[in-house]
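Asker: make a model of this:
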Amino acid sequence: MSDTSPILMWFRRDLRLSDHAALLAACDTGQPVIPVFIHDSLSDGLRAAPKWRLGLGVGYLADSLAEKGSRLILRRGDDALAVLQELIAETGAGAVHWTRLYDPDAVERDSKIKEALKDQGVEARSFGGHLMFEPWTVETKTGGYYKVYTPFWNSVKNSGVAEARSAPGEILAPDSWPDSDALDHWQMGAAMNRGADVVRPFVQLGEKAAQARLGHFMAHIVATYKETRDLPGTDGTSNLSENLSLGEISPHQCWHAGRRALEEGKQGAETFLKELVWREFAYHLMHHTPRILSKSWREEWQAFPWKEDARAAEVLGWKKGKTGLPFVDAAMRELYVTGRMHNRGRMIVASYLTKHLMTHWRIGLEWFEECLIDWDPASNAMGWQWSAGSGPDATPFFRVFNPETQLDKFDKNRDYVGRWIAERKQNPSKDALSFFDATPRHWALSPDDDYPDPIVSPAEGRKSALEAYANRSF
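Answerer: This next block holds a predicted model:
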């Protein structure tokens with residue numbers, strides 16, 4: 001590679017300029033840098049909300065690079081290697097940089113690309129940055145991987161996390177730029193249909209918004225986070241999952257902000273740090289046991305007789321926020337309007353689907369993959385398996401959340417339910433009404449509908465779940 005040949009900086013789920021090891025390494029060489037985003041088969045295979053949100057993030061990144069005097073080259077092609085090779089031929093690039101991803105499909109793609117590029121004499125360098133701790137670097141005393149969260153937390157909590165670095169002062173441009181696709185032509189939001197206009201006001205897009213979110217959380221919320229994070233009717237969480245999922249902020253930046261808050265005496269910061277490490281634990285498990293994405297992590301759960309009809313009436317009632325249980329329905333409606341769901345709500349709706357309705361967790365996992373703008377493969381899989389009882393560190397199979405008592409405990413004043421359910425209300429909130437604008441037209445839902453009776457009552461659901469568990473050997 002000559003000193004003047006450009007470096008292709010291949011962006012994926014790392015849509016930021018600050019604390020970006022791959023970008024900074026490219027800039028530090030003093031060579032021209034050509035930022036690239038490839039809409040390949042993996043990004044094209046994303047479901048509606050994640051693909052739409054990725055498209056928004058790519059557009060924001062393009063604008064951020066333009067402010068630096070650079071630009072983002074957009075190319076589409078099922079085979080990312082072929083696209084990179086075309087760009088190398090067009091630009092004379094001698095190196096390609098990227099940030100590592102950890103899901104099995106991305107690992108397979110990136111390994112093949114690295115090998116092929118090196119064979120043709122092109123430097124291929126992958127960097128960390130999506131995680132604080134590479135999954136293969138955290139080991140038990142016997143050299144294995146961790147299967148339980150608390151020992152994992154104890155192992156890493158005092159480990160050194162690299163300090164976050166600033167964005168590069170300059171991104172040297174090449175003498176000439178290759179052609180670029182137009183982002184609008186990709187139609188990454190097509191599957192969102194009318195829901196895009198409803199969800200868009202709730203999106204906090206890009207690096208600046210992510211940093212503002214972190215700053216607000218540390219200044220006003222983190223001190224009481226341990227208590228407020230369980231109250232869905234309160235602004236009591238960081239909401240950073242949306243930005244972390246696409247790398248619009250790095251976990252390192254979040255970690256050091258949390259550590260500073262803890263040193264300032266804000267005790268809720270330790271709980272926040274534990275949540276960051278819970279995300280790391282999900283990736284640790286996905287790396288070591290990729291079956292967690294599609295099969296019950298606990299082998300003894302493979303044969304459990306969950307229902308697997310995604311079109312069953314009770315499953316459709318769950319998807320539509322029409323179960324007749326206000327906590328479940330409010331959470332499902334929040335999902336449709338905002339593209340996110342409060343974590344307490346996620347536990348409630350997942351427990352209801354897998355235990356009260358005895359429906360396979362994969363059906364819920366796939367629905368979240370369709371609807372979440374903060375979708376993350378590792379966290380989504382571990383969360384669903386935790387709730388179902390089939391995963392690592394799972395809630396005990398005999399623990400069945402009661403949506404009514406949970407509502408009394410975590411939404412005493414019904415602020416959350418009141419915000420999201422319109423039926424039976426004389427003056428429903430704007431957000432509650434927005435749900436009917438976001439849902440598919442063929443569902444034919446209306447705020448004038450009667451609120452339904454429960455599909456399954458909490459008592460009946462718990463009884464049937466425990467009977468099913470009693471007939472299995474664990």
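Asker: what is the rounded mean pLDDT of the host helix or strand of residue 459?
Answerer: Per DSSP states H and E: residue 459 is located in helix 458-470. Mean per-residue pLDDT for helix 458-470: 88.
Asker: next one: stretch 374-386
Answerer: For stretch 374-386, the mean confidence score works out to 97.
Asker: also stretch 272-289?
Answerer: pLDDT averaged over stretch 272-289 gives 98.
Asker: if you count neighbours, what's buried in that stretch?
Answerer: 272-287 (16 or more other CB atoms under 10 Å). Backbone N, C-alpha and C define where each C-beta goes, glycine included.
Asker: I'd like to know which of those residues is nearest to residue 451.
Answerer: Taking CB to CB as the measure, residue 451 lies nearest residue 275 of the buried residues of stretch 272-289, at 33.8 Å.
Asker: mind listing what the closest one touches?
Answerer: Applying CB atoms under 8 Å, 6 or more residues apart in numbering, we find residue 275 in contact with residue 229.
Asker: how about residue 85?
Answerer: Residue 85 sits in contact with 116, 120, where contact means CB under 8 Å, 6+ apart.
Asker: and residue 6, by the same measure?
Answerer: Counted by CB under 8 Å, 6+ apart, residue 6 has contacts 31, 32, 33, 34, 91, 92, 93, 94, 174.
Asker: that older thread, list the buried residues in the helix holding residue 459.
Answerer: 458, 461, 462, 464, 465, 469.
Asker: check the gap between the closest residue to residue 308 other than its chain neighbours and residue 301 for me.
Answerer: Once flanking residues are discounted, residue 308 sits nearest to residue 360: 4.9 Å by CB to CB, 6 or more residues apart in numbering. For residue 360, the distance to residue 301 equals 10 Å [CB to CB, to the nearest Å].
Asker: then residue 96?
Answerer: 41 Å.
Asker: which of the two has more neighbours?
Answerer: residue 96 (25 against 20; other CB atoms under 10 Å).
Asker: and that one, helix, strand or coil?
Answerer: Following DSSP: H, G, I helix; E, B strand; the rest coil, the label given to residue 96 is strand.
Asker: that one contacts residue 123, doesn't it?
Answerer: Yes: using CB atoms under 8 Å, residue 96 makes contact with residue 123 at a distance of 7.3 Å.
Asker: what sits in contact with each of those two?
Answerer: Joint contacts of residue 96 and residue 123 (CB under 8 Å, 6+ apart) are residue 117.
Asker: can you tell me the helix or strand for residue 219?
Answerer: Judged by DSSP H and E, residue 219 forms part of helix 206-220.
Asker: tell me the mean pLDDT over stretch 416-426?
Answerer: Mean predicted lDDT for stretch 416-426 stands at 94.
Asker: and that stretch, how far apart are its ends?
Answerer: Using CA to CA, to the nearest Å, the end-to-end distance of stretch 416-426 comes out at 17 Å.
Asker: buried set for that stretch?
Answerer: 416, 417, 418, 419, 420, 421, 422, 423.
Asker: contacting residues for the closest residue to the third one other than its chain neighbours?
Answerer: To tie it back to what came earlier, the one meant is residue 418. Closest residue to residue 418 apart from its sequence neighbours, by CB to CB, 6+ apart: residue 429 at 6.9 Å. By CB under 8 Å, 6+ apart, residue 429 lies in contact with 418, 419, 420, 422.
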